[in-house]
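Asker: A structural model of the following input is requested.
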Amino acid sequence: MIDPQAVPLSLYIHLPWCTRKCPYCDFNSHEGFTDSLQQPYVEALLADLDSQRAWWHDRPIHSIFIGGGTPSLFEGRWLGALLEGISVRANLSCDVEITLESNPGSAECDRFAGYHAAGVNRLSIGVQSFDDRALKTLGRIHSGDDARRALDMVAAAGFRRWNIDLMHGLPGQDAQSAASDLTEAVRRSAGHISWYQLTIERNTHFWSAPPVLPDESELESIQQVGDAILADAGLHQYEVSAFSSEGEESQHNLNYWRFGDYIGLGAGAHGKISLADGSIIRTQRTRAPSDYLAVTKSLPLSAPQGVAISPAEKITEFAMNTLRLKSGVPVTHFAQTTGTAVDQLIAAAETAVSRGWVEAPDKGQFVTTPLGYQFLDSVIETFL
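Answerer: Purely as a prediction, here's the structure:
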């Protein structure tokens, strides 16, 4: 059984509005943002935090991630009010990582200094590509030059840590154009790049009108070229799509992948909390922003609501997160967290080991191989 006090705790905050919904996006994002929504939404987030006090009141928060949507639609003063409200309520660790997702549009990057003054100490810039044709296909509202300008402004605003989000496997993309994108991102990075393949998700425009994507051979070439560029730049892969220099890993995302706890605030936000009896509670907020604003006005402050996950779900979710890590997961930690016997886990892993998906756990670790990353869903199934 795991002591909840020993499980690191993070805070995820969802700001759900976008200027325009991208055709590939399946996140909970909505158009219709106005400046008048900022104050009531910040107040709703703080009321939501208060309503979950029983789960976090005596635990330090190690990271905060403000995602969306497009959080950079909010002004720095309202993010400052939000972070101040959190700091007077919760126990923030002295080195808390506070990340804000931002788009590279001119209106957003003009606010970078205000975000830094508000207490944000890390930005995640949604570049996706520097190629204007690719950006148009992706439905992005910024240009390649907008992205370059935004990245030039990050350091000038006082930030020393930032991530660049970059996609590959885009419609019409080949290894050469993907390499050009990635080389520019490396040159402009502060030691962290999230480089991930475009996938077509349900309930998106691309699902109903799919674009022509590179074939498997081209995708393999893109991956090989990209891996070499990142390695030459000294950016090590520590997760399926995350690359960083030493010490620049995203602490918030590491907590997800290590199966840590997190409080979810905001429309559609999810949370995970470990309880003293060994159970794990999942929470999910209502998705529509208008409904969320209405619900938070009547939240009880002493009765947080959640759903306990089953033992099978615990194993699935633990494997789904930890096996993404390049460093792997200790077998004993897997057993202790999921309540599964070590011998049973090792036996379950035999199929994955025999197929070259997971390294033999001779050193007490389950480590997914590069081949295993290509069949991660199948790797996870071997433990069920």
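Asker: C-alpha from now on. contacts and neighbour counts both.
Answerer: OK.
Asker: OK, contacts around the most centrally placed residue in the chain?
Answerer: With distances taken as Cα atoms, centre = their mean, the residue of the chain nearest its centroid is Asn253 (5.6 Å). Neighbour list for Asn253: empty [criterion: Cα atoms under 8 Å, 6 or more residues apart in numbering].
Asker: and it, its phi and psi?
Answerer: With angles defined as degrees, to the nearest 10, Asn253 sits at phi -70, psi -30.
Asker: how about the helices in the stretch 1-150 of the chain?
Answerer: Using DSSP state H, counting those that start in this stretch, the helices of the stretch 1-150 of the chain run over 38-51, 53-56, 76-89, 106-109, 112-118, 132-137, 144-156.
Asker: of all these, which lies closest to Met167?
Answerer: Minimum separation from Met167 across the helices of the stretch 1-150 of the chain (Cα to Cα) falls at helix 132-137, 10.0 Å.
Asker: just give me the neighbour total for Arg188.
Answerer: 13 (other Cα atoms under 10 Å).
Asker: for it, which non-adjacent residue is closest in space?
Answerer: Of all residues not flanking Arg188 in the chain, Leu151 sits nearest, at 6.8 Å (Cα to Cα, 6 or more residues apart in numbering).
Asker: my read: that neighbour touches Ala190, true?
Answerer: No - look at Leu151 against Ala190 with Cα atoms under 8 Å: they stay out of range, at 9.7 Å.
Asker: residue boundaries of the strands in this structure?
Answerer: 9-15, 61-68, 92-102, 122-128, 162-168, 192-197, 236-239, 242-244, 261-265, 270-274, 280-284, 307-308, 329-330, 365-366 (DSSP state E).
Asker: ok, and what's touching the first one?
Answerer: Taking contacts as Cα under 8 Å, 6+ apart, the residues outside strand 9-15 that touch it are 45, 59-71, 252, 255, 260-269, 271.
Asker: model confidence score at Ser327, please.
Answerer: We have a pLDDT of 92 for Ser327.
Asker: and the helices in the stretch 201-350 of the chain?
Answerer: 205-208, 216-232, 251-257, 289-296, 311-322, 331-338, 342-354.
Asker: out of those helices, which comes closest to Leu170?
Answerer: helix 216-232 (9.6 Å).
Asker: and that closest one, what does it pack onto?
Answerer: Helix 216-232 makes packing contacts with helix 175-188 when contacts are defined by 3 or more Cα pairs under 8 Å, 6 or more residues apart in numbering; DSSP states H and E.
Asker: distance from the helix it packs on to the middle of the chain?
Answerer: 22 Å (Cα atoms, centre = their mean, to the nearest Å).
Asker: equivalent analysis for stretch 370-378, please.
Answerer: Chain-centre distance of stretch 370-378: 20 Å, with Cα atoms, centre = their mean.
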